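K.L.:
Model the following, please.
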Amino acid sequence: MRRFLACFLSISLLLSGCTSNETCQPDPEVAKVAVSVQLERLEQPFFQIKTVADAKQFLQQQPLLADQFLQRRQFPSDEVLATSLARLSTNDGLQKLGRESAAAFRDTDSLRAELKQLFQHVRYYFPAFPVPPVKTFVSGLSQDLFVNDSLMVLSLDFFAGPKASYRPNVPDYILRRYAPPYMLPTAALAISSKYNQKQLTNQSMLSEMVQFGKSLYFAEKVLPCTADSLLIGFTDKELVNVQFNEGKVWAHILEKKLLYSTSPFIIQKYMGERPNVPEIDKTCPGRVGVWVGWQIVRKYMSEHPNVTLAQLMAEKDPQRILNGSRYRPKRRD
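P.N.:
Predicted structure coming up:
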C-alpha cells in the first residue's frame, strides 16, 4: 500500500470535513424542546473544605455525588471518605490544578448553553430522556466523567488542557483528547450507551465496528455543529488521511478477512487505543476500525432516510446494518 502521506496532496479539498461549520445553525424544531439545565459548580465549595468536619458537611449537601461519583459505599465509613476528601481539597498541587481548571472553564453561562443544546438534541430524538443535574468537579484526575439518569459529573481537571500543571497519566495520543473542546463530545458518547443496543453473543470485529459507529453517529446528531475530529479524537491530519484512504483501509479489512474475526487480539489491533495501526500503514491512526464503523453507519442512514436515530440505536444486528449500508468505498490508487 502506498504511504498514507500521499493523501496530503488533497488536504485542502478534505480539510473542511475536519473543522466545525461556523455557519451551523441549530434546528428550530430542536430549539423548541423544553429542557431545564441544573448546573452546579462544585470546585469552589470543594476547595473550601479545610477539615474532616467540612468534608462531612460537603458530603451531606451532595448525596448524589457522594453515592454515585465518589462511591461512598466502597469506603468503610463516611469518616474515611471525608478524611480522604479533606486531604485532597487541602493538597497544594490539586488546589493549583483546580484554579487552572476553573480558568479553562471560566464561562459558566456558555457551558450551560452548550449543555442545554446537547440535552435538547437528545430529548428531540428520545423524548423520554431524563435530563440529569450536572455537577462540575475536580476529582484529582481520578475519573473524567460520570453520567446516568440522575447525575452527570464533569471532572474539569481532566479537560483543563495542555497548559495545566498536572495531566491525566495516559499516552500523548490519548492525552490530546483531554482538552476543553472534547468534554461535551465525551459526554455525548457516554449518553449514547443508554440507547446503544447490541447482540451480547456477537463479539466479532464487525459487531464492535458497528457498535462504536452507532455511538459516533449518535454524537454527531446530538452535537451537529461539532467537528468530526473532536467527536472521534483524530487530529485534522489523521482525519484527512483516513478519509483519503478509506477504500484502502476497507480493502485491507476484507483481504485479511478481519470482519468476522472474534479474536480479542485482532479486534484490539484495529479498534483499541494505539498510536497507529502499522498493519495497514504506520501513518494510519489507531482506532481506525471505529472510524470505518462510523462510515458504515452513516452510509446506512443515508440509504435509509426513514430510519430514526432511536431505531438505529435499537438495531442489534450489525450484519443488517452493513448489508443495508451498501458500503463499498473505492480505492484511490
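K.L.:
And for the chain, the residue most distant from the center?
P.N.:
Farthest-out residue of the chain from its mean C-alpha position, per Cα atoms, centre = their mean: A53, at 36.5 Å.
K.L.:
Only the buried residues of stretch 183-200, if you could.
P.N.:
Residues 183-192, 195-196, 198 are the ones in stretch 183-200 that count as buried (16 or more other Cβ atoms under 10 Å). All C-beta spots, glycine's among them, are computed from the backbone N, C-alpha and C.
K.L.:
Of those residues, which belong to strands?
P.N.:
Residues of the buried residues of stretch 183-200 located in strands (DSSP state E): none.
K.L.:
Relative to E114, which of those residues is nearest.
P.N.:
Closest to E114 out of those is L184 (5.8 Å), distances taken as Cβ to Cβ.
K.L.:
now that closest one: how far from S142?
P.N.:
Going from L184 to S142 by Cβ to Cβ, to the nearest Å gives 21 Å.
K.L.:
from the chain's centre, how far out does the helix or strand containing the residue farthest from the centre of the chain sit?
P.N.:
Assigned by DSSP states H and E, A53 belongs to helix 52-61. Centroid displacement of helix 52-61 relative to its chain, using Cα atoms, centre = their mean, to the nearest Å, is 32 Å.
K.L.:
Could you do stretch 261-269 as well?
P.N.:
Using Cα atoms, centre = their mean, the offset of stretch 261-269 from its chain centre is 22 Å.
K.L.:
where exactly do the helices run in the stretch 101-250 of the chain?
P.N.:
108-125, 172-175, 183-192, 205-222, 228-232, 236-244, 246-255 (DSSP state H, counting those that start in this stretch).
K.L.:
Name the residues of the helix or strand encompassing Y300 that are buried.
P.N.:
Per DSSP H and E, Y300 falls inside helix 288-303. Residues of helix 288-303 classed as buried: 288-301 (neighbour count, 16+ other Cβ under 10 Å).
K.L.:
Equivalent analysis for stretch 324-333, please.
P.N.:
Buried-residue list, stretch 324-333, by 16+ other Cβ under 10 Å: 324-325, 327, 329.
K.L.:
Can you tell me which of those residues is closest to V210?
P.N.:
For these, the nearest to V210 is S325 (9.3 Å; Cβ to Cβ).
K.L.:
ok, that closest one - contacts?
P.N.:
Applying Cβ atoms under 8 Å, 6 or more residues apart in numbering, we find S325 in contact with 296-297, 299-300, 303.
K.L.:
The same query, at a cut-off of 10 Å, please.
P.N.:
Residues near S325 by Cβ atoms under 10 Å, 6 or more residues apart in numbering: 210, 213, 295-304.
K.L.:
Next: T90.
P.N.:
By Cβ under 10 Å, 6+ apart, T90 lies in contact with 47, 49-51, 54-55.
K.L.:
Neighbour-wise, give me the winner out of these.
P.N.:
When neighbours are counted as other Cβ atoms under 10 Å, the busiest of these turns out to be A55, with 24 neighbours.
K.L.:
what about the most centrally placed residue in the chain, distance to C225?
P.N.:
In the chain, the residue lying closest to the centroid (Cα atoms, centre = their mean) is T186, at 2.6 Å. Note on T186: its distance to C225, by Cβ to Cβ, is 16 Å.
K.L.:
do Q38 as well
P.N.:
From Q38 across to C225, the span is 23 Å (Cβ to Cβ).
K.L.:
Check R328 too.
P.N.:
Note on R328: its distance to C225, by Cβ to Cβ, is 30 Å.
K.L.:
cool, Y270 as well?
P.N.:
Separation of Y270 from C225 (Cβ to Cβ) stands at 29 Å.
K.L.:
what about those two, which has more around it?
P.N.:
Y270 (27 against 13).
K.L.:
and that one, what does it touch?
P.N.:
The contact partners of Y270, taken as Cβ under 10 Å, 6+ apart, are 205, 208-209, 249, 252-253, 256, 258, 261, 277, 279-280, 284, 286-290, 292-293.
K.L.:
so Q319 makes contact with S207?
P.N.:
Yes. The criterion here is Cβ atoms under 10 Å, and Q319 meets it with S207 at 8.9 Å.
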